[in-house]
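Chemist: make a model of this:
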Amino acid sequence: MPRYTIDDEFELEDFGDEDDWLGAGNFYRKPRRRSYWGLFAILGVLVMGIAAYAALVYVPQQQEQDAFCASCHTASHTEYLQRVDTSIAGSLAPDLASYHYQQIRNTGGDIKCIDCHRGDNSTVHRAQTIGLSAWMTALWLTDRNDPRVEKTAISATLQITNADNTTQTVTLWPNLAPPPGLETIAANYTFVITPSRRVTRTLGFPVLHAPALSNAGCAGCHQDTLLVAGPENHFHNLLPSTYELWKSGAKLIPPPSLANDEAAVLAITTLGLTAYDTTLQCSSCHQTHRTTEATLYLDRQSVVPQACVQCHREVNQGPLVVTFPPEE
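Modeler: Residues are numbered from 1 along each chain as shown. Next up, the predicted model:
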């Protein structure tokens, strides 16, 4: 007899139909994979929380420091900050922005870059500021930012061919709309950086990103200038920002020439303002980062007349040829 025997008598439990067996009909069925959607959801919430903190807390805090603005922007912003430093130290301010710093800082006040670039600091404007900052950072990271310093000083001299085949030369500025009726614009651009240096590269016009933010920043500090009523200050009274100030409850200011005429003062201050549909901004005339020796940094020969004509076209009132006498 064999030493070992195998007893193969055994019984299986009654599992019912064959299809009830584990894996019946599919012996290669893989186990169910573990779901990671919960982990992804947690990571998404975490990322959103970090982004919200950066947008609402960290970045606004850092923007209160001029060095932060210069550190993550372009060489042009570094140049603006250097102009500020030299102006505060006593040098002649080369542009309007530096002049603001010089006048405010040297009289004990405080001013920062962001003060002029975040609008009225409302919730809407703060959100727009964060969005604009993100967009400008993206342009910088992709090397698509505009490196030019004198952005508001660059003009383009275009040779225009009209419908009757006559030609004309028009000087355009980046913050002013071109005159209407231009049929064909020649591909020959000449950008003027300074009166003595001409560059023949074809570059797009530098433009203000979100100009309403800068405009609101100007209006917030210069209400006393905008709200002086009367024809002598009509170029400020007709701005949409002035109308918005008045509609929000700001009082009109009688002009000094009518200080002793109570009837005229009452008529002007009670008459109110009319809303005009114009695209002009404060920067259309007051070019903040432009180096110029013009009185009060206001170019009354090249820039201001064009702004006047543009406004007259848009509101369909006023002369279409505007000149100012040379400054003495």
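
Chemist: tell me the buried residues in stretch 286-300?
Modeler: 286-292, 294, 297, 299-300 (16 or more other C-beta atoms under 10 Å). C-beta coordinates here come from the backbone N, C-alpha and C atoms, glycine included.

Chemist: again but with stretch 213-220, I slipped
Modeler: Buried-residue list, stretch 213-220, by 16+ other C-beta under 10 Å: 213-219.

Chemist: could you pull up phi and psi at Gly90?
Modeler: Here is the backbone geometry of Gly90 (degrees, to the nearest 10): phi 130, psi -10.

Chemist: could you measure it against Tyr99, distance?
Modeler: Look at Gly90 and Tyr99: by C-beta to C-beta, to the nearest Å, they are 13 Å apart.

Chemist: and if you look at Thr242?
Modeler: With distances taken as C-beta to C-beta, Thr242 is found 23 Å from Tyr99.

Chemist: and if you look at Ala264?
Modeler: Noted for Ala264: a distance of 34 Å to Tyr99, by C-beta to C-beta.

Chemist: these two - which one has more neighbours?
Modeler: Higher neighbour count among Ala264 and Tyr99: Tyr99, with 18 against 15, using other C-beta atoms under 10 Å.

Chemist: show me what the host helix or strand of the more buried one packs onto, helices and strands only.
Modeler: Secondary-structure element containing Tyr99, defined by DSSP states H and E: helix 96-105. With contacts defined as 3 or more C-beta pairs under 8 Å, 6 or more residues apart in numbering; DSSP states H and E, helix 96-105 has these neighbours: helix 75-88.

Chemist: show the average pLDDT along the helix it packs on.
Modeler: Averaging pLDDT along helix 75-88 gives 88.

Chemist: and it, C-alpha only, in CSV?
Modeler: Below are the C-alpha coordinates for helix 75-88, written out as CSV (Å, rounded to 0.1, in the frame of the first residue of the first chain):
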residue,chain,number,x,y,z
ALA,A,75,13.3,98.6,-16.6
SER,A,76,10.9,101.4,-17.4
HIS,A,77,9.3,101.2,-13.9
THR,A,78,12.8,101.1,-12.4
GLU,A,79,13.5,104.3,-14.3
TYR,A,80,10.3,105.9,-12.9
LEU,A,81,11.4,105.1,-9.4
GLN,A,82,14.9,106.5,-9.9
ARG,A,83,13.3,109.7,-11.2
VAL,A,84,11.3,109.9,-8.0
ASP,A,85,14.3,109.4,-5.8
THR,A,86,16.3,112.1,-7.5
SER,A,87,13.3,114.5,-7.4
ILE,A,88,12.7,114.0,-3.7
